[in-house]
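S.K.: got a sequence here, can you build the structure:
(one chain, ligands or ions: 1)
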Amino acid sequence: MTASPSPQAPQEPSPQDAADAVRNRINTAQPHTARIWNYWLGGKDNYAVDREAGDRIRELHPGIGDYARADRLFLGRAVRHLVADRGVRQFLDIGTGLPTADNTHEVAQRIAPESRIVYVDNDPLVLTHARALLTSSPEGRTDYLDADMRDVESVLEHASQTLDFSRPVALMLLGVVIFIEDDQEAYGLVRRLMDALPSGSHLVLSHTITSPAMPDVDAAVAFWNEHGTPKLTQRTPEQVARFFDGLELLEPGVVSCSRWRPDTVGDAEPDEVAMFGGVARKA
Ligand SMILES: C[S@@+](CC[C@H](N)C(=O)[O-])C[C@H]1O[C@@H](n2cnc3c(N)ncnc32)[C@H](O)[C@@H]1O
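M.R.: As a prediction, this is how the structure comes out:
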């Protein structure tokens, strides 16, 4: 009698095959947003194609470096406020970007080491650097998911392995819904993510704006959309404010990231940048 063949278990790719698959996804022929952002922030995780486009955009909009730094500093102040003053201990940070100084878990765990953070991004280079991000404090936890934010169910399912969705979570969407072109889709994605979070959760969101006061930003975005990926959609400050509809917007509302509770002392208001942001609480 011959034994019937036992069903084959699906083969896990070897670590080498998995690493090769990720490397094959990295496109060095076209500027990518995570890498150009890293370049403007002074990082080294970028390619010649990103630096060339980054320099061209800087010529079109010389304020671009301030805009990127203002966004990161806004992230730091918002996380510090949520942890220190509002008791938030869980963060879902979508569109993480390449690791830089003061990533969400570093700011949160400096104040509350038990904080838990799930990072989500769909860029393969961010994935290859994810290990560096995953250095949680021993008391807390960090996790990384390689996914598109449009895949809301997978994001939430994976995040629920680290975050307790019966307790408040801060949803961090910094410089990422700009890559969702369709307005209804963009507003719908933010609403679906916030709907999954309990009362006491918060939304932290920043977004590139279009404003008659900053016409050079439109030229820089047009250049990006011709050469870079993914394409970027600007919205007016009023359109950005709509992402917070139904939530309690914290003071000072949706403003230039540089003007959201700045650390600076004195009377001088920081310069406005083309990145607006706000923080809101779910009742
Ligand atoms: C401009 S960077 C912002 C990085 C970081 N949040 C910050 O504010 O410094 C945008 C990031 O969003 C990621 N991203 C763009 N579209 C995405 C999508 N549909 N799903 C997940 N991540 C996305 C990019 O890969 C990139 O890392």
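S.K.: for the ligand, what are the nearby residues on the chain?
M.R.: Contact residues, the chain versus the ligand (C-beta under 6 Å from any ligand atom): 33-34, 37, 71-72, 75, 94-97, 120-123, 126, 148-150, 174-176, 179, 230. Every residue, glycine included, has its C-beta placed from N, CA and C.
S.K.: what separates Tyr144 from Glu153, distance-wise?
M.R.: 18 Å (C-beta to C-beta, to the nearest Å).
S.K.: what sits closest to the spatially most central residue of the chain if chain neighbours are left out?
M.R.: Centroid-nearest residue in the chain: Gly95, 3.1 Å away (criterion: C-alpha atoms, centre = their mean). Leaving aside its sequence neighbours, Gly95 sits nearest to Val176 (C-beta to C-beta, 6 or more residues apart in numbering; 2.6 Å).
S.K.: ok so, going back, which phi and psi does the residue nearest to the centre of the chain have?
M.R.: Backbone torsions for Gly95, taken as degrees, to the nearest 10, come to phi 80, psi 50.
S.K.: my read: it touches Leu189, true?
M.R.: No - at 11.4 Å, Gly95 does not count as touching Leu189 under the criterion of C-beta atoms under 8 Å.
S.K.: show me whatever sits in contact with both of those two.
M.R.: Counting by C-beta atoms under 8 Å, 6 or more residues apart in numbering, the residues touching both Gly95 and Leu189 are Met149.
S.K.: and what about Val49, helix, strand or coil?
M.R.: Following DSSP: H, G, I helix; E, B strand; the rest coil, we place Val49 in the helix state.
S.K.: for the closest residue to it other than its chain neighbours, give me its contacts.
M.R.: Among residues not flanking Val49 along the chain, Pro31 sits closest, at 5.3 Å (C-beta to C-beta, 6+ apart). Counting by C-beta under 8 Å, 6+ apart, Pro31 makes contact with Val49, Asp50, Glu52, Ala53, Gly54, Trp224, His227, Gly228, Thr229.
S.K.: tell me the confidence at Pro31?
M.R.: Per-residue confidence (pLDDT) for Pro31: 93.
S.K.: before we move on, what about Pro10?
M.R.: Looking at Pro10, its pLDDT is 63.
S.K.: which helix runs longest in the chain?
M.R.: The longest helix of the chain (DSSP state H) is helix 64-86.
S.K.: what is the helix or strand that that one is followed by packed up against?
M.R.: With elements assigned by DSSP states H and E, the helix or strand that comes after helix 64-86 is strand 90-94. Here strand 90-94 touches helix 104-111, strand 116-121, helix 152-159, strand 170-174, going by 3 or more C-beta pairs under 8 Å, 6 or more residues apart in numbering; DSSP states H and E.
S.K.: and the angle from the third one to strand 90-94?
M.R.: Spelled out, that is helix 152-159. Here helix 152-159 runs at an angle of 140 degrees relative to strand 90-94 (axes from the mean of the first three to the mean of the last three C-alpha atoms, to 10 degrees).
S.K.: same check, this time on the second one
M.R.: Calculated by the same axes, to 10 degrees, strand 116-121 forms an angle of 10 degrees with strand 90-94.
S.K.: run the angle between strand 116-121 and helix 104-111 for me.
M.R.: Relative orientation of strand 116-121 and helix 104-111, computed by the same axes, to 10 degrees: 170 degrees.
S.K.: over to the shortest one?
M.R.: Orientation of strand 170-174 against helix 104-111 (the same axes, to 10 degrees) gives an angle of 140 degrees.
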